[in-house]
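> For reference, the sequence and a predicted model appear below.
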Amino acid sequence: MIRFLHTADWQIGKPFGGYEPDRRGELKAERFRAVERIAALAASRACDAVLVAGDAFDDNQITDWELNRTLDAMAGFQGPWILLPGNHDAALGVSVWTRLRQRATAAAIRVADRPEPILLKDGEAAVLPAPLTRRHEGADLTAWFDGAQTPPAAIRIGLAHGSVVNRLPEKAESGNPIADDRADRARLDYLALGDWHGFVEIAPRTFYSGTPEPDRYPANRPGHVALVEIDAPGAAPRVERVATGRFDWRRLELRVDGGIEAVGEALGGLPRPGDTLLDLVLAGSLSLRERVRLDEALAHWAARLFDLRVDERELFDAPDEEDLDRIDIGGFVRAAVETLRAKAADPADPERKAAALALRLAYAEHRRLGQEGA
């Protein structure tokens, strides 16, 4: 029997360039902490190995500091660790792997950069790796698994990084193809895959572990590793999905026609706001009164959430008579406001958004002045 952790796509060194420096630093640091959690889990569950199915590093240019910190994070499990070069950290002539070998002198850390079997537990199991030597391959590098010779009683485990043909969304199948029946063809007891960032059983005995720490919004179950137990060759693997992630990346689409209650209900139900990165998509139409309330609510949540992104392209202002009465103006200015209101209400008017914004600013300013004079 063998017990191992299957993980992938650590993306150490991912820059997170679209975030403020303090948040960027915290997101980058959490990737090291995820590796620490993996090491602790492997030790506590008495694993025989940790298999990393590619993209441990975001690219081959990570700093020596990042490389050393990764090795420090791995120290909680004495190994063996088997690390496969993926498309982000391909095994080039000079790569992160040549530098890692210079620092990782322990035999417990094994770089699987050659297509040859790696034996575990004195030959009770054999890992068949398919390392990438460039970012994109047109051929299926797992094909050699079919004829690979391993000890007769060895559990056969494939380790690869790429897209299983006809099993993932088209956008994920641009390169590095893997046959969807590779486990059957190669008599594998388990095929450990990386590249897809969510946990999924993609075919019989064929799993993506996903990234152990989420790094994007799609809801495909990131933030896990696979704890795998196989009793003997030919036995069905027992696979446990174990949570390892901290940050909660969410995308919410809400309609707010006439009122903003849906926003308060949805955001108020978030279990860990301080660890949540929210991509909020709003659609509908609101009076100026409600739009100002929405802006205030979003400012409140922006200060509570780890990060808040708001898409308001399908959200429109719909000023009504009460809005205009509250602005409390007359004469020429009132006529101008009525003109802006007409533009804001016309979907075909190219100045619709600008007119709505002008009305909202006017409303907010009059509201502020009224509050100051109260």
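Nice, I can see it.
> make it CA atoms for all contacts and neighbour counts henceforth
Will do.
> and the gap between L282 and T206?
As for L282, its distance to T206 is 38 Å (criterion: CA to CA, to the nearest Å).
> These two: which is more packed in?
Counted by other CA atoms under 10 Å, L282 and T206 do not tie: T206 has more neighbours, with 23 against 20.
> so the more buried one makes contact with A192?
Yes. Counting by CA atoms under 8 Å, A192 is a contact partner of T206 at 6.4 Å.
> quick one: contacts for the nearest residue to G123 once chain neighbours are set aside?
Of all residues beyond its chain neighbours, the one nearest G123 is A154 (6.2 Å), with distances taken as CA to CA, 6 or more residues apart in numbering. A154 sits next to G123, E124, A125, A126, A232, P233 when contact means CA atoms under 8 Å, 6 or more residues apart in numbering.
> In terms of helices and strands, where is the fourth one?
Using DSSP states H and E, A126 maps to strand 125-129.
> Tell me how far the helix or strand following that strand lies from the chain's centre.
Past strand 125-129, further along toward the C-terminus, the next helix or strand under DSSP H and E is strand 155-161. Computed by CA atoms, centre = their mean, to the nearest Å, the separation of strand 155-161 from the middle of its chain amounts to 23 Å.
> who does strand 155-161 pair up with?
In its sheet, strand 155-161 lies beside strand 125-129 (parallel), strand 190-194 (parallel), with partners assigned from DSSP bridges.
> give me every residue that touches T276.
Counting by CA under 8 Å, 6+ apart, T276 touches F247, D248, W249, R250, L270, L305, F306, D307.
> So the closest residue in space to it that isn't next to it in sequence versus H197, what's the distance?
Across the structure, with CA to CA, 6+ apart as the measure, the residue nearest T276 apart from its sequence neighbours is D248 (4.6 Å). In this structure, D248 and H197 are separated by 14 Å, where distance is defined by CA to CA.
> what do you get for G269?
Separation of G269 from H197 (CA to CA): 25 Å.
> who's more crowded, the two?
Comparing G269 with H197 by other CA under 10 Å, the one with more neighbours is H197, at 25 against 10.
> I'd say that one and G210 touch.
Yes. Applying CA under 8 Å, one finds H197 in contact with G210, separated by 4.0 Å.
> tell me, what's touching these two both at once?
Contacts common to H197 and G210, judged by CA under 8 Å, 6+ apart, are D9, P222.
> since we're on E265, how many residues are nearby?
Under the neighbour criterion other CA under 10 Å, E265 is assigned a count of 10.
> Strands of the stretch 51-200 of the chain, start to end?
Per DSSP state E, counting those that start in this stretch, the stretch 51-200 of the chain has strands spanning 81-83, 109-111, 118-120, 125-129, 155-161, 163-164, 177-178, 190-194, 200-203. These are given in chain order.
> strands paired with the third one, and their directions?
It refers to strand 118-120. strand 125-129 (antiparallel).
> tell me what the helix ranked longest in the chain is packed against?
In the chain, assigned by DSSP state H, the helix with the most residues is helix 21-44. Taking 3 or more CA pairs under 8 Å, 6 or more residues apart in numbering; DSSP states H and E as contact, the helices and strands that helix 21-44 lies on are helix 64-74.
> So which bits of the helix it packs on are buried?
Neighbour-count burial for helix 64-74, with 16 or more other CA atoms under 10 Å as criterion, is recorded at E66, L67, R69, T70, L71, A73, M74.
> export the strands of the stretch 51-200 of the chain to JSON lines and tack on distance to S287 and mean neighbour count?
JSON lines is the format used below for the strands of the stretch 51-200 of the chain (distance: least, CA to CA, whole Å; neighbours: other CA atoms under 10 Å):
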{"stretch": "strand 81-83", "distance to S287": "56", "mean neighbour count": "23"}
{"stretch": "strand 109-111", "distance to S287": "60", "mean neighbour count": "19"}
{"stretch": "strand 118-120", "distance to S287": "66", "mean neighbour count": "17"}
{"stretch": "strand 125-129", "distance to S287": "60", "mean neighbour count": "27"}
{"stretch": "strand 155-161", "distance to S287": "51", "mean neighbour count": "27"}
{"stretch": "strand 163-164", "distance to S287": "48", "mean neighbour count": "26"}
{"stretch": "strand 177-178", "distance to S287": "52", "mean neighbour count": "22"}
{"stretch": "strand 190-194", "distance to S287": "48", "mean neighbour count": "28"}
{"stretch": "strand 200-203", "distance to S287": "44", "mean neighbour count": "16"}
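> In JSON lines, list those along with mean pLDDT.
As requested, those are exported to JSON lines (pLDDT from 0 to 100):
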{"stretch": "strand 81-83", "mean pLDDT": "98"}
{"stretch": "strand 109-111", "mean pLDDT": "95"}
{"stretch": "strand 118-120", "mean pLDDT": "97"}
{"stretch": "strand 125-129", "mean pLDDT": "98"}
{"stretch": "strand 155-161", "mean pLDDT": "98"}
{"stretch": "strand 163-164", "mean pLDDT": "92"}
{"stretch": "strand 177-178", "mean pLDDT": "94"}
{"stretch": "strand 190-194", "mean pLDDT": "98"}
{"stretch": "strand 200-203", "mean pLDDT": "92"}
